[in-house]
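Participant: Could you look at this predicted model? Sequence included:
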Amino acid sequence: CFATLKDSPKNFIKTIINILCAILLIVIRDVRYFTNPRFWAEEGTLHFAYSYNHPWYQALIHPQVGYLNFYPNLATVLATLVPLEFAPLVTTLAALLVQLIPIVIILLSSSMLWKGWLRKIIGSAIVLFVPLTNEVWLNTINSFTYFAAIAFLILLEDIPQSSFKRWLFRILLIFAGLSGVLACSLIPLFFILAWLDKSRERWLQTALLSICAVIQLIMIFSFRGRGDISQRFFWIGFSTLGATFWTQSILLFTTGYQNAHEWGKFFRFMFMKQPALFMLWGKSLFVAALALIGTATLNLTRRLRVIFLSSIAIMILLFTVFSIIPDKYSFFITGWHQRAFLAPNMILGWMLLAGIRFPQGKGTSAFIRKSVACLCAACLALALGWGSYRYFTYRVPQSEWYDWRSEVTAWEENPQYQLHIQPDP
């Protein structure tokens, strides 16, 4: 921000205005997150409960479901410092901070990928509107998905010239690596770029993420309990991958949540009733997805093509294979397991934006590239349209939104009272 102010006060003002607009859009989606904040799932039942009853130094490094998720540990430790009725507000604000960071990185970026304010604004809109965010919205247990997107954006950035920005990126990568394994999955790409760029800073970024990955592996293989290593690593086939990518990404982008959800139920029904037919459908969808996504990257440089496609593939594979969810066929029900597809769908949206390049000149090559740009523009416009509609129309029913202050009062009057935490079990 200081560098932006120094270079151009007008750009600094535009950046601040866009950040404030993003905050406003987040708040008006549902003001209850701020006027009547709540804990979400394990954020309250595991992380805050442990932080509330243990010393802060134990709570910060305690793995809950088989790996270290440092950020909700930190947020819930901070939440114990305020009166209990205000504790969910602390974690909500902590989640808000992480959700804003990708937008701030894009708005302050000097990369050619985000050249021009129109691209910066669309890139920021992708963060808010493109992925399904109901279950990951403003809660810290799912901040790891935003940290994975942050790590990806750092991967795209040119090497920072300012020491402040270099240190900021290093700190963000440490938080990302210690808050789940998803960001760590990008280590091979950081290594490749460090090798190609011959950059000391890239090597340092790679080393920081690698150290975090070692810590995560130690936690994973030493942890015993719900979510330990014995409950993970369920292999899936190409048919499941094909159906999953279509329902959770391609159809979601182009036809909207409701239609994609119906297709997901159709594929699940087909698998249960006619598994052989599902295998044929799934493998065909897998090949079609490869062809479609490959076509959408024709306007990208080889470097960007590798970064985008590898990141999407690695994240989807890691989450579907490493997850403790045993029913892998539930992954192709659109709307289920939203945290698995938030970061890959953001990256897919950014990839479509990067593909909107209209070359000069005539001829077959120029015509193909212009056609690809139109395809990317149409898909991204549909994704933003459907996503915006879902963003502003879906709300958690009031009957499922408990008044936390009333819950705390009831618990203080009767310590045996079971506090209600969203969502209902």
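Facilitator: Looks like it came in fine.
Participant: so where's the stretch 51-200 of the chain shaky on pLDDT?
Facilitator: Screening the stretch 51-200 of the chain residue by residue with the criterion pLDDT under 70, one finds no matching range.
Participant: Mind doing that once more with 80?
Facilitator: Per-residue confidence for the stretch 51-200 of the chain (pLDDT under 80) gives these ranges: 65-66.
Participant: again with the stretch 301-425 of the chain
Facilitator: For the stretch 301-425 of the chain, residues meeting the criterion pLDDT under 80 lie at 319-329, 361, 424-425.
Participant: so what's residue 238 up against?
Facilitator: Residues in contact with residue 238 (CB atoms under 8 Å, 6 or more residues apart in numbering) are 282, 283, 286. Yep, even glycine has a C-beta here, placed from its N, CA and C like the rest.
Participant: Kindly indicate which of those residues lies nearest residue 57.
Facilitator: Ranking these by separation from residue 57, with CB to CB as the measure, puts residue 286 on top at 47.2 Å.
Participant: my read: that closest one touches residue 239, true?
Facilitator: Yes. Assessed by CB atoms under 8 Å, residue 286 is found in contact with residue 239 at 7.0 Å.
Participant: Quick one: residues contacting residue 104.
Facilitator: Taking CB under 8 Å, 6+ apart as the criterion, residue 104 is in contact with residue 19.
Participant: what about it, which helix or strand?
Facilitator: Residue 104 is located in helix 87-108, with elements delineated by DSSP states H and E.
Participant: Buried residues in that helix, which are they?
Facilitator: Across helix 87-108, burial judged by 16 or more other CB atoms under 10 Å covers 87-96, 98-108.
Participant: count of residues packed around the nearest residue to residue 158 once chain neighbours are set aside?
Facilitator: With CB to CB, 6 or more residues apart in numbering as the measure, residue 111 is the residue that lies nearest to residue 158, at 5.7 Å, once sequence neighbours are left out. Applying the criterion other CB atoms under 10 Å, we find 13 residues in the vicinity of residue 111.
Participant: is it fair to say residue 136 lies in a strand?
Facilitator: No. Counting by DSSP: H, G, I helix; E, B strand; the rest coil, residue 136 falls outside a strand, being coil.
Participant: give the contact list for the nearest residue to it once chain neighbours are set aside.
Facilitator: The shortest distance from residue 136 to any residue that is not its chain neighbour, by CB to CB, 6+ apart, is 3.8 Å, and that residue is residue 142. Remark: with contacts taken as CB under 8 Å, 6+ apart, residue 142 is in contact with 40, 95, 135, 136, 339, 342.
Participant: Ok, residue 347 next?
Facilitator: Residues counted as contacts of residue 347 (CB under 8 Å, 6+ apart) are 149, 152, 308, 311, 312, 315.
Participant: one more time with 10 Å
Facilitator: Neighbour list for residue 347: 126, 130-131, 148-149, 152-153, 156, 307-309, 311-312, 315 [criterion: CB atoms under 10 Å, 6 or more residues apart in numbering].
Participant: likewise residue 371?
Facilitator: When contacts are counted by CB under 10 Å, 6+ apart, residue 371 touches 295, 298.
Participant: what's the helix or strand for it?
Facilitator: Assigned by DSSP H and E, residue 371 belongs to helix 364-393.
Participant: circling back to that earlier point, most neighbours among the contacts of residue 238, which one is it?
Facilitator: residue 282 (24 neighbours).
Participant: Which pLDDT value goes with the residue lying closest to it once chain neighbours are set aside?
Facilitator: Sequence neighbours aside, residue 239 is the residue nearest to residue 282 in space, at 2.6 Å (criterion: CB to CB, 6+ apart). Looking at residue 239, its pLDDT stands at 88.
Participant: So what's the residue count around residue 239?
Facilitator: 22.
Participant: Regarding it, which helix or strand does it belong to?
Facilitator: helix 238-245.
Participant: and that helix, how far out from the chain's middle?
Facilitator: Going by CA atoms, centre = their mean, to the nearest Å, the spacing between the C-alpha centre of helix 238-245 and its chain's C-alpha centre is 20 Å.
Participant: Okay, buried residues for that helix please.
Facilitator: Residues of helix 238-245 classed as buried: 239, 240, 241, 242, 243, 244, 245 (neighbour count, 16+ other CB under 10 Å).
Participant: Disregarding flanking residues, what is the spatial nearest neighbour of the third one?
Facilitator: Right, the one you point to is residue 241. The shortest distance from residue 241 to any non-neighbouring residue, by CB to CB, 6+ apart, is to residue 286 (5.8 Å).
Participant: Helix or strand: which one has that neighbour?
Facilitator: For residue 286, the element it lies in under DSSP H and E is helix 275-296.
Participant: Over to residue 266?
Facilitator: Taking DSSP H and E as the definition, residue 266 sits inside helix 257-273.
Participant: Identify each buried residue in that helix, please.
Facilitator: Taking 16+ other CB under 10 Å as the basis for neighbour counts, the residues of helix 257-273 that come out buried are 257, 260, 261, 263, 264, 267, 268, 270, 271.
Participant: Can you give me the pLDDT of the second one?
Facilitator: Right, residue 260. At residue 260, the predicted lDDT confidence score is 94.
Participant: what does the first one give?
Facilitator: According to the prediction, residue 257 has pLDDT 93.
Participant: Number of residues surrounding the closest residue in space to it that isn't next to it in sequence?
Facilitator: Taking CB to CB, 6+ apart, and ignoring the residues beside it in sequence, residue 257 has residue 390 as its nearest neighbour in space, at 5.3 Å. Counted with other CB under 10 Å, the burial measure for residue 390 works out to 19 neighbours.
Participant: One more: residue 236?
Facilitator: By other CB under 10 Å, the residues close to residue 236 number 14.
Participant: which element is residue 340 on?
Facilitator: If you go by DSSP H and E, residue 340 is part of helix 338-354.
Participant: Can you mark which positions in that helix are buried?
Facilitator: Going through helix 338-354 with 16+ other CB under 10 Å, the ones that come out buried are 338-354.
Participant: ok, residue 390 to residue 259 distance?
Facilitator: 12 Å (CB to CB, to the nearest Å).
Participant: Fine by me, we can end here.
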